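Q: here you go, sequence then predicted model.
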Amino acid sequence: MASITKTIPDDFILGAAASAWQTEGWQGKQPGQDSWMDAWYKRERHVWHNGYGPAVATNFYQRYKEDVALMKQAGLTHFRTSINWSRFFTDYRNAVVDEDYATYIDNVLDELIRAGIEPMICLEHYELPAELFDNDGGWASREVVELFVRYVGKVFERFHAKVRRWYTFNEPVVVQTRVYLDALRWPHEQNTGTWMQWNHHKNLATARAIQLFREKGYPGTIGCILNPEVTYPRSSAAHDQKAAQMYDLFYNRVFLDPMVHGCYPELLLDTLARHEVAWHYSENDLAVMRDNCVDELGINLYYPHRVQAPSHAWNPETPFHPACYYEPFTLPGRRMNTSRGWEIYPQIIYDMAMRLKTDYRNIPWFIAENGMGIENEGRFRNSDGVIEDDYRIEFYSEHLFQALRAREAGANCLGYMVWAFTDNVSPMNAFKNRYGLVEIDLENNRDRRLKKSAYWFRQIRDSRVLAL
Ligand code: BGP
């Protein structure tokens with residue numbers, strides 16, 4: 001059967017992503033350098049996978065040279081990871097840099113550059129220092145904004161000659177949504193005001209980091225990695241449309257609008273005020289945000305979000321939760337990744353691209369994460385020991401196809417990065433779901449082995465042709 005092909009433009013990024021916390025491990029870490037995720041893993045033993053977790057992770061800290069050689073073999077043009085804020089200082093409040101950790105970052109960057117792979121650096125990806133969460137209330141505190149700006153200032157100063165693409169946060173909406181809207185994690189308190197305060201302080205911290213970056217005249221671009229969920233209403237009926245509009249407002253636009261347009265949507269401000277949600281901002285904050293929008297966005301996309309109008313009326317006596325406007329809808333007959341419980345619907349990439357084109361001034365963006373987590377991948381190992389992950393190749397091909405199609409339709413799509421380069425630690429279940437182009441063999445000294453998808457990646461990078 002004839003296949004459909006697409007040419008991949010020469011300047012199109014073909015990369016893979018990771019984060020410091022999910023790969024580095026605790027080797028060389030000083031007391032007091034836990035991130036809030038480390039602290040959570042220490043408290044909640046159930047999230048470890050057969051005893052494997054962030055303590056050693058993939059041991060990228062000691063094995064980065066091996067991994068960079070594999071990146072070269074797999075043909076990556078770019079590699080995205082983060083710097084671990086919780087390890088960057090031995091004293092966060094006085095900004096005393098941990099020289100060992102800073103030297104390690106320097107070495108990683110040098111190794112990537114020597115291999116011809118461009119580093120893209122995120123400044124926070126699960127790495128808020130535990131102390132600032134436990135003692136200061138995390139991003140509810142204005143002090144944390146100041147400490148973050150000081151941290152990024154030190155990072156820019158040190159590494160600006162080696163990095164041309166910076167991102168303030170990875171998925172800034174997620175943590176406070178799990179903690180303060182869904183009350184799934186400590187302190188198990190539902191509080192929409194605290195949730196909005198975290199959002200605001202992360203928006204402000206992004207604008208302040210951008211302001212600093214530009215004032216100092218550092219070369220390159222700065223943005224943020226967002227995970228807007230493409231939200232589809234169950235039907236075209238007005239009440240379902242409204243449900244999708246409100247989910248989009250509270251989950252997506254709360255970051256997209258300030259970062260790209262420099263202001264919060266009126267509807268968001270009005271809705272929060274109407275429900276008497278307590279959060280604070282100053283006119284000066286809004287001015288800084290207005291004047292310091294992102295250069296580009298990374299977009300993490302995995303699955304669609306489907307909603308319908310709520311089936312029960314909201315009880316006005318209970319604290320306000322945005323879910324009073326929507327509830328999840330399950331599409332009958334949907335395609336699923338059953339390991340992760342996520343619907344597979346590649347059209348999300350095209351639909352998001354068109355949204356960014358029309359509603360967000362066609363800002364430059366790239367797919368910063370897209371991937372498939374699978375349990376027990378060892379069952380797909382062939383007689384040569386290689387995991388034959390054809391399901392992942394199919395998943396990547398279908399999603400990359402939509403990104404290329406969107407680019408042909410005028411979207412400002414700079415590239416496509418898979419999650420993840422190697423298998424790594426997932427916050428909810430450590431190593432249970434494997435995402436990598438490269439296997440980490442936990443039972444055998446964490447040996448690395450390219451999966452079939454890594455050979456596929458190399459082949460499309462060399463040919464610059466994608467065949468479906
Ligand atoms: C994204 C995160 C990644 C990664 C991925 C896979 O939302 O940015 O850090 O973990 O999801 O999800 P999970 O690890 O929960 O399976």
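A: Structure's in. What do you need?
Q: name the residues that touch stretch 210-225?
A: In this structure, residues lying in contact with stretch 210-225 by C-beta atoms under 8 Å, 6 or more residues apart in numbering are 122, 125, 149, 152-153, 156, 160, 163-172, 206, 209, 255, 259, 288, 291-300, 368-369. C-beta: built from backbone N, CA, C; applies to glycine.
Q: at 6 Å what do you get?
A: Contact with stretch 210-225 is made by 122, 153, 156, 160, 164-170, 206, 259, 292, 294-298, 368, as judged by C-beta atoms under 6 Å, 6 or more residues apart in numbering.
Q: next: stretch 449-467.
A: Here stretch 449-467 makes contact (C-beta under 6 Å, 6+ apart) with 3, 5-6, 8, 14, 74-75, 386-389, 392-393, 400, 437-439.
Q: which of the residues in stretch 328-343 are buried?
A: When neighbours are counted by 16 or more other C-beta atoms under 10 Å, the buried residues of stretch 328-343 are found to be Phe329, Asn337, Ser339, Arg340, Trp342, Glu343.
Q: tell me how far the first one lies from Asn300.
A: Right, the one you point to is Phe329. 22 Å (C-beta to C-beta, to the nearest Å).
Q: and if you look at the fourth one?
A: When C-beta to C-beta is applied, the distance between Arg340 and Asn300 equals 14 Å.
Q: mind checking which of the contacts of stretch 210-225 are buried?
A: Buried members of the contacts of stretch 210-225, scored by 16+ other C-beta under 10 Å, are 122, 153, 156, 160, 165-170, 206, 259, 292, 294-298, 368.
Q: give the PyMOL command for selecting the buried subset of the contacts of stretch 449-467.
A: Buried subset of those, written as a PyMOL selection, criterion 16+ other C-beta under 10 Å:
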select buried, resi 6+8+14+74+75+386+387+389+392+393+400+437+438+439
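Q: take the contacts of stretch 449-467 and keep only those in strands.
A: When these are checked against strands (DSSP state E), the matches are Thr5, Lys6, Leu14, Val438, Glu439.
Q: the ligand contacts on this protein?
A: Within the chain, the positions adjacent to the ligand are 19, 22, 170-171, 227, 300, 340, 369, 373, 419, 426-428, 433 by C-beta under 6 Å from any ligand atom.
Q: check the burial of Arg45 by counting its neighbours.
A: Per other C-beta atoms under 10 Å, the neighbour tally for Arg45 reads 9.
Q: ugh, typo on my part, it should be Gly410
A: The local packing count at Gly410 equals 11, with neighbours defined by other C-beta under 10 Å.
Q: check what pLDDT Ala2 gets.
A: You'll see Ala2 listed with a pLDDT of 60.
Q: quick check: buried residues in the helix or strand containing Ala205?
A: Assigned by DSSP states H and E, Ala205 belongs to helix 192-215. Under the neighbour-count criterion of 16+ other C-beta under 10 Å, helix 192-215 has 192-213 buried.
Q: so Glu296 touches Asn362, yeah?
A: No: Glu296 lies out of contact with Asn362 (C-beta atoms under 6 Å); the separation is 11.3 Å.
Q: what's the closest non-adjacent residue to the residue of the stretch 251-400 of the chain found nearest the ligand?
A: Evaluated by C-beta to the nearest ligand atom, the stretch 251-400 of the chain has Gly373 as its residue closest to the ligand, separated by 4.5 Å. Taking C-beta to C-beta, 6 or more residues apart in numbering as the measure, Gly373 lies nearest to Asn433, with 3.1 Å between them; neighbours along the chain are not counted.
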